[in-house]
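1. here you go, sequence then predicted model.
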Amino acid sequence: MGHRAIRNRFLIACAALLALLPAQAQAWGFFAHRTTAEIALENVTPETRAKIERLLRAAPELGTPECDLASLEDASVWPDCVRRTRWRWGYTAAWHYRTAPVCEAYNPRRNCSGGNCVTAQIERSQRLLADESLPAHIRLEALAFMVHFIGDVHMPLHSGDHEDRGGNDIDTAYGIAPGLNLHWIWDGPLAERAITSSPVPMVRRYSADERAELGGGNPDEWGRESWQTSRDFVYPNAFDRPACEGEDLPDETALTQEDIERAIPISRQRVAQAGIRMAEYLEQAFAPGPLPEPESN
């Protein structure tokens, strides 16, 4: 057996072990979220980093000692931690996604009643974070929600749906590891492998050209990108057929090693985009003066 085959078997075995870990230790719930925050910190100014550090001192006022909030990396996973206390934070569950059917025209306003979706909450959180008249702990809560949700909206299956709860209802094997689902794979082992196998470190200061290529846009546009990625890549790659042609997709599938290899660059790009765009939103929020008023729809 060649070195490449041995390495691939080792990585798949590691993914199977990841399936046994508690939910808080899984990628976009932990590893990829923290990576996006690390990327963001490397790409903001020292002044913005200092403002983040000062705001983090207000963590005790939030009354969530069970959920660490001592760094931007902690903030990036804090919303997943606190929502386990359903009686207090359960109302935030719908804020983590805004799925839209991949076989219908994209509508950025769909499934967001009262602003209860990920794209609306990014904008709301940034405005709260930027408002220096608010108490520090209110702004810190907004910081945590903003950085977490910027990560969430970049995971394709937080936006794309095929009547399967964003892939949660699709039983999916990850190579030789059975018993997962399509959403969890993109959340977990695939994202982690994309980050750890990157040919260059993902956490670094990106060049101006790289930031220009990866950055820009707004939450509605980021959600559209994820929706389109789900439609044009995630579902076709998982089922070896177009998502919206022919019979309904089955409720189970398997990702081969070739499927996984094709998906890695897509996942890696979404993590990098999330980190760079997070840096941009942090810079805007901590800049002097109020944010510009949003455009009317």
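-> All right, it came through fine. Numbers count the residues shown, from 1 in each chain.
2. drop to CA atoms for contacts and neighbour counts, all remaining ones
-> Noted.
3. other SSEs contacting the helix or strand containing residue 183?
-> If you go by DSSP states H and E, residue 183 is part of helix 182-187. Secondary-structure packing of helix 182-187 (3 or more Cα pairs under 8 Å, 6 or more residues apart in numbering; DSSP states H and E): strand 171-174.
4. who does the strand it packs on pair up with?
-> According to DSSP bridges, strand 171-174 forms sheet pairs with strand 177-181 (antiparallel), strand 252-255 (parallel).
5. any regions of the stretch 151-297 of the chain where pLDDT drops low?
-> Filtered on pLDDT under 70, the stretch 151-297 of the chain yields the residue ranges 295-297.
6. now do the helices in the stretch 151-297 of the chain.
-> In the stretch 151-297 of the chain, the helices defined using DSSP state H, counting those that start in this stretch lie at 182-187, 189-196, 208-214, 219-229, 235-239, 257-286.
7. among those helices, which comes closest to residue 111?
-> helix 219-229 (12.2 Å; Cα to Cα).
8. and the angle for that closest one with helix 257-286?
-> If you take axes from the mean of the first three to the mean of the last three Cα atoms, to 10 degrees, helix 219-229 sits at 180 degrees to helix 257-286.
9. what about helix 219-229, distance to the chain center?
-> Relative to its chain's centre, helix 219-229 lies at 12 Å (Cα atoms, centre = their mean, to the nearest Å).
10. try stretch 221-238
-> Taking mean C-alpha positions (Cα atoms, centre = their mean), stretch 221-238 and its chain are 14 Å apart.
11. from now on call the first residue 26
-> Okay, using 26 as the starting number, the last item reads as stretch 246-263.
12. okay, how far is it across that stretch, tip to tip?
-> One end of stretch 246-263 to the other measures 24 Å (Cα to Cα, to the nearest Å).
13. do stretch 201-218 as well
-> With Cα to Cα applied, stretch 201-218 spans 15 Å between its terminal residues.
14. check which residues of it are buried.
-> 202, 205-218 (16 or more other Cα atoms under 10 Å).
15. ok, now stretch 177-190?
-> In terms of neighbour count (16+ other Cα under 10 Å), stretch 177-190 has its buried residues at 177-188, 190.
16. next, format these as TSV and append distance to residue 236.
-> Compiled in TSV, the buried residues of stretch 177-190 are given as follows (distance: Cα to Cα, whole Å):
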residue	distance to residue 236
177	20
178	18
179	16
180	19
181	21
182	24
183	24
184	23
185	25
186	29
187	32
188	35
190	32
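17. so what's the residue count around the closest residue to residue 95 other than its chain neighbours?
-> With sequence-adjacent residues excluded and distances taken as Cα to Cα, 6 or more residues apart in numbering, residue 95 is closest to residue 81, at 6.0 Å. Neighbourhood size, residue 81 [other Cα atoms under 10 Å]: 23.
18. wait, doesn't residue 81 sit right on residue 165?
-> Yes - at 6.5 Å, residue 81 counts as touching residue 165 under the criterion of Cα atoms under 8 Å.
19. and the gap between the closest residue to residue 290 other than its chain neighbours and residue 245?
-> Computed as Cα to Cα, 6+ apart, the closest residue to residue 290 that is not its neighbour in sequence is residue 219, at 6.9 Å. Per Cα to Cα, residue 219 is found 25 Å from residue 245.
20. these two - which one has more neighbours?
-> In this view residue 219 and residue 245 are compared by other Cα under 10 Å, and residue 219 has more residues nearby, 22 against 19.
21. you'd agree residue 95 is up against residue 84?
-> Yes - with contact defined as Cα under 8 Å, residue 95 reaches residue 84; the gap is 7.3 Å.
22. quick one: which of these two has more around it?
-> When residue 95 and residue 84 are compared for neighbours, residue 84 comes out ahead with 21 against 15, by other Cα under 10 Å.
23. can you count the residues close to the residue nearest to that one when sequence neighbours are not counted?
-> Leaving aside its sequence neighbours, residue 84 sits nearest to residue 94 (Cα to Cα, 6+ apart; 6.1 Å). Using other Cα under 10 Å, the number of residues around residue 94 comes to 23.
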